[in-house]
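Peer 1: this is a predicted model, with the sequence first.
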Amino acid sequence: MIPAKYNLRNLRVRWVTTLMTVVATGLVVWATVLAFGLTDSLEYALRISGHPLDLIVLRKGSADETGSGMDQQIAREIATLSGIATGAEGQPLCSIEFATILTKPRRGDGGTTNLIVRGLDEVGRQLRPDFKIVRGRDVKPGLNEAITSERMAQRFENLAIGEKLEINRVDFQIVGYFEAGGSSAESEVWTVLGDLTGARRQSGAVSSVNLRARDPASKETLMNRIQDDEQFNLKVIEETKYFEEQMSASIAIKFVGYVIAAFLTFGAMFAAANTMYAAVASRSREIGTLRALGFRRRSILTSFLLESIFLCLMGGLLGCLATLPFIGLSGGTANWATFSEITFSFRFGPGVLLRGVLMALVMGLLGGLFPAVRAIRMDIVQALREQ
Amino acid sequence: MKSLKYIWRNVTRNKLRTILTVLSVSFSLALMTVLHGYIAMQSVWGTEAKKNNRVVVMNIQGFSGAVPIANVDKVRGVEGVKSAVPYSWYGGDYKEERMPFAQFATDPKEVFNVWDEFSIDPDQLTAWQTDRQGCVVDRQLAEKRGWNIGDRIPIQGTFLPLNLDLKLCGVFDAPKYTDSLWFHWQYLDEGLKQMNSFGSGNSGTIFAKAHSAAAIPGIVETIDSMFASSQNPTRTQTEAAFAQMFADMLGDIQAYIRYISLAVVFALSLVAANGMAMSMRERTTEVAVLKAIGFPRSRVLKMVLGEACLIAVFGGILGIALGCFVLQFLHGISSQFFPIGMADLAGPWLLYLLAIAAGIGIVSGIVPAVRAAQLSVIDGLRRVV
């Protein structure tokens, strides 16, 4: 085997070319990891929104909360069904909610987009992961107050604490920021059920019922009970599935991520090949010497392949590292299932980083293969005679 | 231009290197074409809409708010308005597909006066106007789905608790693909009324055609002040601004695409510069000879830059062509996410991309070119071993 030191030293001697190739592959990997990170962050927000024991009850035929509606009487009836888990004070974990979509301006020049405003009562908070107020306080009923997440406050006009969000000419004062474990609830504005339906002049309106089953068995029974009741005319979806379906919206972005990865891998592969061909060409005498010394063709091939892989991996790692400043940065785009804004914090999970490194590996391997083959095909005498 | 042959010879000298650089540039530019094509797709409707002098009236709260049907007649009465129709998005599923194309409930009597750039066979139009369950679709949509006149098109409601059983009465031709189906607003509303459902009496949005572009600001003002103190205040905007709202919904995605493009352009410049630098290093002696026989610096500079540009533009053309092909292909497999085909998408942005390719060439050639121009003849000649 030719020691790896040989390759490292070679990379160092030709440092300008090495640096340029490393930076180029790094940029390419960075761009790809960014694109994959975007989908990953979006999907994470949606994935953790669903609790395995939670059910969402909607009008039959509707696809999501914003297009759903039901009689309040029926919603109350659902809360009395058996099999629903109970909270700390013995009340059933069943939340009657009303969600509506408003078109509101983003801060800066971000244009307008749709925003989900949800009216719900105390119990709904226990159905979200890790709900807590992080600044200000929670809303009080009857006062037309609202809370939202800090991220939303930064993105939208009129959503910071102390500002007023107008809903059908009723001003809702923002009194606090909440967190809900990074779930999609953090992309919403919350107020009291009665206050919201009052402002929307749809008093008594209910769009969905969220509830938590006591255990998997009672979840089954509850689902059948609600689904089969002709009078209800409702449909039940498991919360995990509900949010999974919303991910379909991110499929397009995910797809774009793969398109980016594929094109850039090819692009960078040719660049790596170029660098490696030059490396082989300028080292033909060395290669000839190595062969004359008795190194096997196989070990020369491995050596050049390793050099190419190492070159690209350095770029890949650099690219992955360059995404660090993006972690935690908030972003937002449309959730095409509800046509409203969904915000997220950037995260680059191990899967995403792995894809970036894998991409660099492929570049190095494919880009180095042909130059390495050229290196071992050289005739020893010819190679030694080169300048 | 006498140097062109010399440049060309140099480009083709190390064919492998040139091909690799060209391919590298072209794959990356193909990607940029796809990404920018996607962004351009978002603005096609808005650009197109500017020509058509239409305004859109919606509830000030957004799409979840109602615009009462009585408002349509009031809008028709506004000075400068040629015609107005209710235009209610239905968002239904077709067979097993979730919202595969757009369906709108509208007024068949007037809708072709509002979209007067669309054309339809007069007999088909009459047939549609007289059939309450009739519908018309974009010709391209009918062709794609293989629908014929008289076919039944069942659609399941998702936002509204009503399923539609429509009959295809005609196809219309639009300047740009609309992906739309139009049916009677009355049919929808009567169904909703029977079920005592919410959403009845709601026109959704109102599209109004103005007599002239000059009348639009006045129309917008009149309509909004007319309903300002009603139960449902309205927001009226031009169709272009309305279209922009949808593009805005993409949010930060456009910014990310810009970041990615920037990174790609920068990476490409490095790749191309690397290739160029390698070539020039091999040619030091030649450059010295050129200068020794009297080539001025500026000419040497231009020749090297020309070579770099030629390679990059070559890659650019190849890449843009590949990108257009990919966009057309994506449009073919998913018209939901890629609603506009290449024929309607081609525009100045393609030239802009080509300019970027040329720019990459210049940037990548600049260091090697300056070096070659400044090369001392003696040093260069001495390098001969």
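Peer 2: Here it is on my side, so go on. Remember, it's a predicted structure, so these values are computed and weren't measured experimentally.
Peer 1: how far does the lengthiest helix in chain B sit from the chain's center?
Peer 2: When chain B is parsed with DSSP state H, its longest helix is helix B:297-333. Mean-position distance between helix B:297-333 and its chain equals 22 Å (Cα atoms, centre = their mean, to the nearest Å).
Peer 1: tell me the contacts of the residue of the stretch 1-150 of chain B found nearest chain A?
Peer 2: Of all residues in the stretch 1-150 of chain B, the one sitting closest to chain A is B:Gly62 (3.0 Å; Cβ to the nearest Cβ). To be clear about C-beta, it is placed using only N, CA and C from the backbone, and glycine gets the same treatment. Contact analysis of B:Gly62 by Cβ atoms under 8 Å, 6 or more residues apart in numbering or on different chains lists A:101-104, A:114.
Peer 1: ok, it to B:Ala102 distance?
Peer 2: 18 Å (Cβ to Cβ, to the nearest Å).
Peer 1: also A:Ser340?
Peer 2: From A:Ser340 to B:Ala102 the distance is 18 Å (Cβ to Cβ).
Peer 1: ok, now which ones touch B:Lys15?
Peer 2: So B:Lys15 contacts nothing (Cβ under 8 Å, 6+ apart).
Peer 1: cool, and B:Lys167?
Peer 2: B:131, B:133-135, B:150-153.
Peer 1: in CSV, list these along with secondary structure.
Peer 2: What follows is the contacts of B:Lys167, written out as CSV (DSSP: H, G, I helix; E, B strand; the rest coil):
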residue, secondary structure
B:Asp131, coil
B:Gln133, coil
B:Gly134, strand
B:Cys135, strand
B:Gly150, coil
B:Asp151, coil
B:Arg152, strand
B:Ile153, strand
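Peer 1: make JSON lines out of these and add distance to A:Met363 and pLDDT.
Peer 2: Below are the contacts of B:Lys167 laid out as JSON lines (distance: Cβ to Cβ, whole Å; pLDDT from 0 to 100):
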{"residue": "B:Asp131", "distance to A:Met363": "60", "pLDDT": "94"}
{"residue": "B:Gln133", "distance to A:Met363": "58", "pLDDT": "94"}
{"residue": "B:Gly134", "distance to A:Met363": "57", "pLDDT": "95"}
{"residue": "B:Cys135", "distance to A:Met363": "52", "pLDDT": "95"}
{"residue": "B:Gly150", "distance to A:Met363": "56", "pLDDT": "93"}
{"residue": "B:Asp151", "distance to A:Met363": "51", "pLDDT": "93"}
{"residue": "B:Arg152", "distance to A:Met363": "53", "pLDDT": "94"}
{"residue": "B:Ile153", "distance to A:Met363": "49", "pLDDT": "94"}
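Peer 1: can you pull the buried residues of the very next helix or strand once past the longest helix of chain B?
Peer 2: Using DSSP states H and E, the helix or strand that follows helix B:297-333 in sequence is helix B:342-345. Neighbour counts over helix B:342-345 (16 or more other Cβ atoms under 10 Å in any protein chain shown) mark B:342, B:344-345 as buried.
Peer 1: which one of these sits closest to B:Asn202?
Peer 2: In terms of Cβ to Cβ, no member of the buried residues of helix B:342-345 lies closer to B:Asn202 than B:Asp344, at 31.7 Å.
Peer 1: quick one: contacts for the nearest residue to A:Leu211 once chain neighbours are set aside?
Peer 2: The spatial neighbour of A:Leu211 that comes closest, neighbours along the chain excluded (Cβ to Cβ, 6 or more residues apart in numbering or on different chains), is A:Cys94 at 4.0 Å. By Cβ under 8 Å, 6+ apart, the residues touching A:Cys94 are A:78-79, A:84, A:123, A:209-212.
Peer 1: shaky segments in the chain?
Peer 2: Let's take chain A. A:249, A:387 (pLDDT under 70).
Peer 1: you looked at the wrong chain, it should be chain B
Peer 2: Applying pLDDT under 70 to chain B picks out residues B:1, B:336, B:383-385.
Peer 1: can you pull out the strands in the chain?
Peer 2: Unless you meant another one, I'm taking chain A. With DSSP state E as the criterion, chain A has strands at A:54-59, A:94-105, A:112-119, A:131-136, A:145-148, A:164-167, A:170-180, A:188-191, A:208-212, A:234-238, A:330-335, A:340-345.
Peer 1: my bad, chain B
Peer 2: Here chain B has its strands, by DSSP E, at B:54-59, B:81-89, B:93-94, B:102-106, B:119-120, B:134-138, B:152-156, B:164-173, B:180-184, B:205-210, B:234-238.
Peer 1: now those in JSON lines, with distance to A:Val139?
Peer 2: Putting the strands of chain B into JSON lines (distance: least, Cβ to Cβ, whole Å) gives the following:
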{"stretch": "strand B:54-59", "distance to A:Val139": "25"}
{"stretch": "strand B:81-89", "distance to A:Val139": "32"}
{"stretch": "strand B:93-94", "distance to A:Val139": "36"}
{"stretch": "strand B:102-106", "distance to A:Val139": "37"}
{"stretch": "strand B:119-120", "distance to A:Val139": "53"}
{"stretch": "strand B:134-138", "distance to A:Val139": "46"}
{"stretch": "strand B:152-156", "distance to A:Val139": "37"}
{"stretch": "strand B:164-173", "distance to A:Val139": "40"}
{"stretch": "strand B:180-184", "distance to A:Val139": "42"}
{"stretch": "strand B:205-210", "distance to A:Val139": "32"}
{"stretch": "strand B:234-238", "distance to A:Val139": "28"}
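Peer 1: ok, now which ones touch the nearest residue to B:Ser212 once chain neighbours are set aside?
Peer 2: The shortest distance from B:Ser212 to any residue other than its chain neighbours is 6.5 Å, reached at B:Asn53 (Cβ to Cβ, 6+ apart). B:Asn53 sits next to B:209-213, B:215-216 when contact means Cβ under 8 Å, 6+ apart.
Peer 1: need the max-distance pair from these.
Peer 2: The span of those, defined through Cβ to Cβ, is set by B:Lys209 and B:Ala213 at 11.4 Å.
Peer 1: please say which of these two ends up with more neighbours.
Peer 2: Legend: neighbour count by other Cβ atoms under 10 Å in any protein chain shown for B:Lys209 and B:Ala213, higher for B:Lys209 (21 against 12).
Peer 1: who does that one bridge with?
Peer 2: Beta bridges link B:Lys209 to B:Arg54, B:Ser83, judged by DSSP bridges.
Peer 1: you'd agree it is up against B:Lys82?
Peer 2: Yes - with contact defined as Cβ atoms under 8 Å, B:Lys209 and B:Lys82 form a contacting pair (4.5 Å).
Peer 1: pull up the overlap in contacts between the two.
Peer 2: Residues touching both B:Lys209 and B:Lys82 (Cβ under 8 Å, 6+ apart): B:113-114.
Peer 1: number of nearby residues for the closest residue to B:Glu239 other than its chain neighbours?
Peer 2: Leaving out its chain neighbours, the residue that sits closest to B:Glu239 by Cβ to Cβ, 6+ apart is B:Ala49, at 3.8 Å. By other Cβ under 10 Å, the residues close to B:Ala49 number 18.
Peer 1: ditto for B:Ser212
Peer 2: If we define neighbours as other Cβ under 10 Å, then B:Ser212 has 9 of them.
Peer 1: wait, it touches B:Gly80, no?
Peer 2: Yes - shown here, B:Ser212 and B:Gly80 form a contact pair, counting by Cβ under 8 Å, at 7.4 Å.
Peer 1: for the nearest residue to A:Lys241 once chain neighbours are set aside, give its distance to chain B.
Peer 2: Excluding the flanking residues, the one nearest A:Lys241 by Cβ to Cβ, 6+ apart is A:Gly50, at 7.4 Å. To chain B, A:Gly50 is 19 Å away according to Cβ to the nearest Cβ, to the nearest Å.
Peer 1: mind listing what A:Gly50 touches?
Peer 2: A:238-244.
Peer 1: could I get the residues you listed as CSV with neighbour count and distance to A:Ala268?
Peer 2: Listed next are these as CSV, based on neighbours: other Cβ atoms under 10 Å in any protein chain shown; distance: Cβ to Cβ, whole Å:
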residue, neighbour count, distance to A:Ala268
A:Glu238, 18, 42
A:Glu239, 19, 41
A:Thr240, 16, 38
A:Lys241, 12, 39
A:Tyr242, 23, 40
A:Phe243, 23, 35
A:Glu244, 16, 34
